[in-house]
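Asks: I would like to see how this sequence folds:
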Amino acid sequence: MNDVKENSNFKSYIGESELESITLDDVQRIKLLDGETIVQEESKVILYQPLSDKQKYGMGNLAVTNFRLSFMTADELEPSNCYQQNLLLGINEICLSSIDVVYQIGDRSKKKLLPGQNVTGKIKDILIICKNMKSFEFSFKHSSKDGGKKIVNALLHHAYPKRHSLLFAYDYKDPYVNNTLNREARFFDKKPDWEKELKRTKCQNWRISLVNFNYQVSPLLIETIIIPQSVTDNILKEAVEKFRNRFCPIWVWGTSKGAALVRMADLLPTITDRTEENKLLEHIRKSHPDKKPPHIIDLSSPTPKDIQSSYIKLRDLCTPDNTRVFKNQDFKFYGLLDSTKWLLYVSICLAKAQEAAEHLNINELTVVLQEGNGQDLNCVVSSLTQLLLDPYFRTKFGFQSLIQKEWIALGHPFANRLGHILCKDIEPSPIFLLFLDCVWQLLQQFPNAFQISETYLTTLWDSAHVSVFDTFLFNSHHDRFIAENGSMILRSVWDWREQFTEKDIGLFCNPLFDDSICEQLTPKTGVSALDVWLQCYFRWLPDLEIRNGGKPQVDLFCRYLVSEILQTQQNMGEMNGKLNKNKDQYLELIRKVNSFFPFSHNSSSVSGEITNSVLLTGDVLDTQSILNFNND
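Replies: Numbers count the residues shown, from 1 in each chain. Predicted coordinates for the structure are as follows:
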């Protein structure tokens with residue numbers, strides 16, 4: 001984290017006098033989506049370069065809509081088109097749902113503005129911190145007298161809706177065809193997907209129950225649940241009343257030898273007699289071919305509150321206000337990182353998943369994961385356990401299916417945990433980010449075992465806050481069902497073509513993926529074996545980026561090798577053994593890429609046209625990698 005540059009290399013192309021003369025007519029206007037409306041708009045707003053002590057990035061028009069915060073400038077300040085370009089959001093635009101906190105900046109002070117409050121005084125500067133660690137600092141010194149106040153009040157009102165129906169997804173009426181239905185990813189919202197999973201794993205003595213059909217038993221569970229064969233629907237109806245969120249023991253995965261992975265919540269706090277819980281655990285024991293008692297893993301710690309507190313400390317560490325704060329943090333970075341406890345919680349989750357995997361695979365025992373409401377850490381550890389044991393879930397479509405099953409279908413409360421709704425009774429906590437960080441750690445330790453890439457995981461976290469897609473918008477399938485019947489158009493985040501071009505989608509696949517790796521993964525889980533997810537947490541700080549270097553160069557070179565092999569195979573007869581004539585250009589491109597590619601804030605001389613030739617589409621990399629070629 002050392003060797004930090006004193007100042008940013010960015011130089012504005014517009015002088016101070018020219019900045020003051022810019023009008024709205026000079027600025028590229030925002031392109032609104034179907035159903036999107038402008039709430040407040042202000043001209044002559046200055047955007048400062050990140051971590052530059054108020055060095056100007058540009059002046060332009062700042063608008064708040066019912067979907068986004070948009071900064072548009074007359075000066076072309078966007079990076080080369082070789083970088084990731086979201087089709088819904090520009091480089092200086094953010095979805096309102098991704099805004100975490102807004103500060104009013106004074107000469108020597110920083111005041112946190114509360115969601116829903118009405119600011120009455122003059123606003124000169126504001127700092128916006130997003131849930132993906134991106135930050136924007138705006139100045140209204142050249143704007144109209146009350147311009148800053150109007151923008152801030154619009155932001156504090158629309159970025160923190162008090163009702164779920166106020167999210168933009170309810171207003172977005174653009175026609176949509178769910179292309180993911182023709183893909184391999186399974187949604188686990190219907191009975192056939194659960195039947196296929198039970199059949200795929202070959203786990204015996206479990207059955208599908210429709211006791212929750214039409215959500216008669218619990219609106220927080222899906223309609224299809226898998227329970228021990230010896231449990232009747234009547235037994236389940238009586239027992240479910242005793243559990244928090246009515247989350248009784250449910251099968252989620254198993255082995256052909258009869259070991260099962262089961263999730264359940266704790267009993268209600270008012271119940272001291274554990275008879276009903278013990279009865280169901282006895283049925284689980286009987287479902288094992290050898291009648292072995294299950295191994296129970298307690299996931300009561302860390303709590304969602306612990307994780308939220310840790311995240312806030314991590315966010316503050318990743319979003320320093322100025323170079324002075326940045327240098328002070330850099331000097332004692334690892335001590336500050338340790339004090340956040342973030343990597344400690346990552347370590348705990350990985351260790352619990354490894355414990356579960358060993359009991360399932362080596363000891364051939366059924367494992368029961370138990371926590372408070374059954375829908376937070378259970379999601380994390382259950383998903384990680386299956387990633388360690390089941391190679392299917394390490395593929396791109398398998399990973400998407402895993403999230404659909406463990407997080408979406410089984411009701412992780414995304415609306416609450418991601419802070420989509422402003423309510424004093426809601427407890428936000430980025431548990432999904434904790435899971436993605438755990439998966440990233442696995443990618444570092446087993447770079448050939450996963451078809452998905454680091455960029456895929458980072459983009460997935462960004463997409464979780466885009467209020468166009470329903471995937472991470474609800475607390476349960478029942479809530480989604482009600483919204484759809486109320487005419488909301490459901491759009492799956494897994495249909496990546498709604499957001500990105502084929503070039504960007506191509507970066508989601510790992511060119512080093514080896515689909516022959518089928519054994520259990522055994523990660524190192526101690527904090528000392530873990531690393532900081534730089535791409536996700538620090539990509540918006542230009543001073544931390546390695547110019548013309550870093551891991552993306554290795555990744556791009558591997559992709560280049562795949563494209564060369566494919567071209568050689570397809571044109572063997574025509575090429576006469578000659579190398580691609582653009583080889584030198586490709587290698588020059590790779591040498592110019594920076595370490596935060598494809599999320600860099602630094603300008604680059606990389607040619608987008610050449611990049612498009614090197615980066616294979618997602619469909620090609622779904623089936624091809626360097627190691628797959630070697631295995632052919």
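Asks: contacts and neighbour counts: CA atoms only from here.
Replies: Noted.
Asks: just grab the bridge partners of L113 for me.
Replies: Beta-bridge pairing of L113 under DSSP bridges involves V102.
Asks: can you tell me how far it is from I123?
Replies: Going from L113 to I123 by C-alpha to C-alpha, to the nearest Å gives 11 Å.
Asks: residues shared between the contacts of these two?
Replies: Q104 (C-alpha atoms under 8 Å, 6 or more residues apart in numbering).
Asks: quick one: average confidence on stretch 533-551?
Replies: For stretch 533-551, mean pLDDT is 93.
Asks: quick revisit: what about L113 and I123, which has more around it?
Replies: Counted by other C-alpha atoms under 10 Å, L113 and I123 do not tie: I123 has more neighbours, with 21 against 17.
Asks: please look at the more buried one and K145 and confirm they touch.
Replies: No: using C-alpha atoms under 8 Å, I123 is not in contact with K145; the gap is 9.1 Å.
Asks: which SSE is L384 in?
Replies: helix 377-389 (DSSP states H and E).
Asks: and the angle for the helix or strand following that helix with helix 377-389?
Replies: Remark: after helix 377-389, the chain's next helix or strand is helix 396-403, criterion DSSP H and E. Helix 396-403 runs at 150 degrees relative to helix 377-389, counting by axes from the mean of the first three to the mean of the last three C-alpha atoms, to 10 degrees.
Asks: give me the contacts around helix 396-403.
Replies: Contacts of helix 396-403 (C-alpha under 8 Å, 6+ apart): 183-188, 383, 392-393, 451-452, 494, 509, 622.
Asks: just stretch 462-479 next, same as before
Replies: 67, 95, 97-98, 132, 167-169, 172, 189, 215, 219-222, 408-416, 418, 420, 480, 490-493.
Asks: let's go with 7 Å and repeat that
Replies: 95, 97-98, 132, 167-169, 219-220, 222, 409, 411-416, 480, 490-493 (C-alpha atoms under 7 Å, 6 or more residues apart in numbering).
Asks: just the ones of the residues you listed in helices?
Replies: Among the contacts of stretch 462-479, the members found in helices (DSSP state H) are F414, A415, N416, R480.
Asks: just the pLDDT for the second one.
Replies: Predicted confidence (pLDDT) for A415: 97.
Asks: residue contacts, it?
Replies: By C-alpha under 7 Å, 6+ apart, the neighbours of A415 are I421, L473, F474, N475.
Asks: tell me the centre residue of the protein?
Replies: Centroid-nearest residue in the chain: W461, 1.7 Å away (criterion: C-alpha atoms, centre = their mean).
Asks: so that residue, which of the three states?
Replies: helix (DSSP: H, G, I helix; E, B strand; the rest coil).
Asks: what's around the closest residue to it other than its chain neighbours, how many residues?
Replies: Closest residue in space to W461, ignoring its immediate chain neighbours: L433 at 6.7 Å, by C-alpha to C-alpha, 6 or more residues apart in numbering. For L433, the count of nearby residues is 20 (other C-alpha under 10 Å).
Asks: over to I208?
Replies: 16.
Asks: do L87 as well
Replies: 11.
Asks: how near is it to E93?
Replies: For L87, the distance to E93 - C-alpha to C-alpha - is 11 Å.
Asks: now A464
Replies: The spacing between A464 and E93, counted by C-alpha to C-alpha, is 16 Å.
Asks: the more surrounded of those two?
Replies: A464 (23 against 19).
Asks: where do the helices sit along the stretch 451-600 of the chain?
Replies: 454-463, 477-485, 502-506, 534-538, 551-570, 572-575, 583-592 (DSSP state H, counting those that start in this stretch).
Asks: adding distance to L127, write those out as JSON lines.
Replies: Below are the helices of the stretch 451-600 of the chain laid out as JSON lines (distance: least, C-alpha to C-alpha, whole Å):
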{"stretch": "helix 454-463", "distance to L127": "19"}
{"stretch": "helix 477-485", "distance to L127": "34"}
{"stretch": "helix 502-506", "distance to L127": "29"}
{"stretch": "helix 534-538", "distance to L127": "17"}
{"stretch": "helix 551-570", "distance to L127": "30"}
{"stretch": "helix 572-575", "distance to L127": "56"}
{"stretch": "helix 583-592", "distance to L127": "32"}
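Asks: which of those helices has the lowest average pLDDT?
Replies: Minimum mean pLDDT among these: helix 572-575, a mean of 52.
Asks: for the chain, name the helix or strand with the lowest mean pLDDT.
Replies: The least trusted helix or strand in the chain, going by mean pLDDT, DSSP states H and E, turns out to be helix 16-21, with a mean of 48.
Asks: right, and the helix or strand after that helix?
Replies: Past helix 16-21, the next helix or strand by DSSP H and E is strand 38-48.
Asks: buried set for that following strand?
Replies: Q40, E41, E42, S43, K44, V45, I46, L47, Y48 (16 or more other C-alpha atoms under 10 Å).
Asks: three-state assignment of I297?
Replies: Once three-state DSSP is applied, I297 turns out strand.
Asks: go ahead and confirm it touches Q370.
Replies: Yes: shown here, I297 and Q370 form a contact pair, counting by C-alpha atoms under 7 Å, at 6.2 Å.
Asks: these two: who's more crowded?
Replies: Per other C-alpha under 10 Å, whichever of I297 and Q370 has more neighbours is Q370, with 23 against 18.
Asks: figure out the helix or strand that that one lives in.
Replies: Assigned by DSSP H and E, Q370 falls in strand 367-371.
Asks: by contact count, what packs against that strand?
Replies: Applying 3 or more C-alpha pairs under 7 Å, 6 or more residues apart in numbering; DSSP states H and E, one finds that strand 367-371 makes contact with strand 260-265, strand 295-298, helix 377-389.
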